[in-house]
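Asks: quick one, fold the following:
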Amino acid sequence: MISTAPPSERALLIGAPRKRSREVKQIEDHLDELARLVDTAGAQVAGRVVQALDRPTNDFYIGRGKVEEVAALIIDEKITMVIFDDELSPAQGKNLEEALKIRVMDRTEVILDIFALRARSSEARMQVELAQLQYLLPRLARMWTHLSRIRGGIGLRGPGETQIETDRRMIRNKISVLKKKLADVADHRARVRSRTQERGILRVALVGYTNAGKSSLLKALTRADAHIEDRLFATLDTLSREVVFPASAVSREPSAAPVRARFTDTVGFIRKLPHGLVASFRATLEEALDAGVLLHVVDASHHDWEEQASVVGEALGAAGLEESKRVIVALNKADRLDEADRADRLQMAQDRGWQAVLVSATAGEGMDRLRDALSAGHA
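Replies: Next comes the predicted model:
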């Protein structure tokens, strides 16, 4: 993990898209995003290497010739770690470290590191620990290699294999304990949600790509003291706030009653987020599953906003949410768009069949229209 990486930690990013795939054209965007992840984790990006592959190799993921090229770059650019944009198998990671004589990580490990750095609540910390242990378990022998380098192998030869098995058993036991604790927390949260349902509150779950502005929109809608930062995964803990919309804000009917709404911010999605990692953050999907409305927040100013929206849509679809829930799309950061781009975004949203509203959480634009859309049809 690299959350405590000193400023001198220099990372080389490696992207290896499949030939004739969409990722070849998107590789620079993917590496830009990985660079932001690495920055969030506390390291400095010192360079990039790209190799399009027919398929990943079993031993190094990339070709042997490219491994030799990377080894030369490590010396020339004083690289201290190599980070792959795709998930490496335990064997690939081990082989690369032996060949390059340097720390090798993948996107998953960087994301886990950021999660460990950003988690605040007891539940989020347990979820992070569970995800880390599940990632670590098949890679334990590689981690022992790091330890043997540090200590020169003294006391680790021979009995080392026995110690690894002991560690594996301890990790499996810890995983079981964490799953039990998280299940207890989930049961408690289900009881709380049941009471909320009985009170007739409009339940809205904010979902979206990381850094789309969910926390800013939550603050704008509820005046909540939400943490806001222009970094990926700035917030991880599920945050809920209740607010009453005045009748004048949500309806032109003078007899309309105020609407009490409960908004829940959820952890952001990102490209190539492993299924196991999503599963460990059950709270996010549970809040979405139980919400009456999903508020899909999209950074409409991002040049790749459609792809980001698709990543979130696929994740929600896999959980059976898009078909079973009313979804409203908040095209956020509209203050950064000119009139032509605004019209373009709304037209594209209409073509996709979205119920979309242009908003700006920071400028306060479109808040009443968004409240109207959220409250429509709520008894």
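
Asks: can you tell me the centre-most residue of this protein?
Replies: Taking Cα atoms, centre = their mean, the centroid of the chain lies closest to Phe269, which sits 4.0 Å from it.

Asks: tell me which residues of whichever helix or strand Arg260 is part of are tucked away?
Replies: Arg260 belongs to strand 259-265 when assigned by DSSP states H and E. Of all the residues in strand 259-265, those buried under the rule 16 or more other Cβ atoms under 10 Å are Val259, Ala261, Arg262, Phe263, Thr264, Asp265. Every C-beta, even on glycine, is put in place using the N, C-alpha and C of the backbone.

Asks: pick the one among those residues closest to Arg107.
Replies: When the buried residues of strand 259-265 are ranked by distance to Arg107 (Cβ to Cβ), Asp265 comes first, at 23.6 Å.

Asks: tell me the pLDDT of that closest one.
Replies: pLDDT for Asp265: 83.

Asks: correct me, but it touches Ser216?
Replies: No - look at Asp265 against Ser216 with Cβ atoms under 8 Å: they stay out of range, at 10.0 Å.

Asks: in the stretch 51-200 of the chain, which spans are helices?
Replies: 64-76, 90-100, 107-118, 122-136, 140-151, 160-198 (DSSP state H, counting those that start in this stretch).

Asks: for His303, find the nearest of the ones you listed.
Replies: It is, among those and with distance given as Cβ to Cβ, helix 107-118, at 20.8 Å.

Asks: what are the pairing partners of the strand holding Arg260, and which direction each?
Replies: Strand 259-265 sits in its sheet next to strand 202-208 (parallel), strand 239-245 (antiparallel), going by DSSP bridges.

Asks: what about the helix or strand following the first one, distance to the chain center?
Replies: When you say that, I think you mean strand 202-208. Per DSSP H and E, the first helix or strand lying C-terminal to strand 202-208 is helix 214-222. What separates the centre of helix 214-222 from the centre of its chain is 19 Å, taken as Cα atoms, centre = their mean, to the nearest Å.

Asks: how much does helix 214-222 deviate in direction from strand 202-208?
Replies: On the basis of axes from the mean of the first three to the mean of the last three Cα atoms, to 10 degrees, helix 214-222 is oriented at 150 degrees to strand 202-208.

Asks: if we can go back for a sec, could you dump the strands paired with strand 259-265 into TSV with mean pLDDT, mean neighbour count and distance to Phe84 added?
Replies: Formatted as TSV, those follow (pLDDT from 0 to 100; neighbours: other Cβ atoms under 10 Å; distance: least, Cβ to Cβ, whole Å):
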stretch	mean pLDDT	mean neighbour count	distance to Phe84
strand 202-208	89	24	26
strand 239-245	79	17	32
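
Asks: alright, calling it a day.
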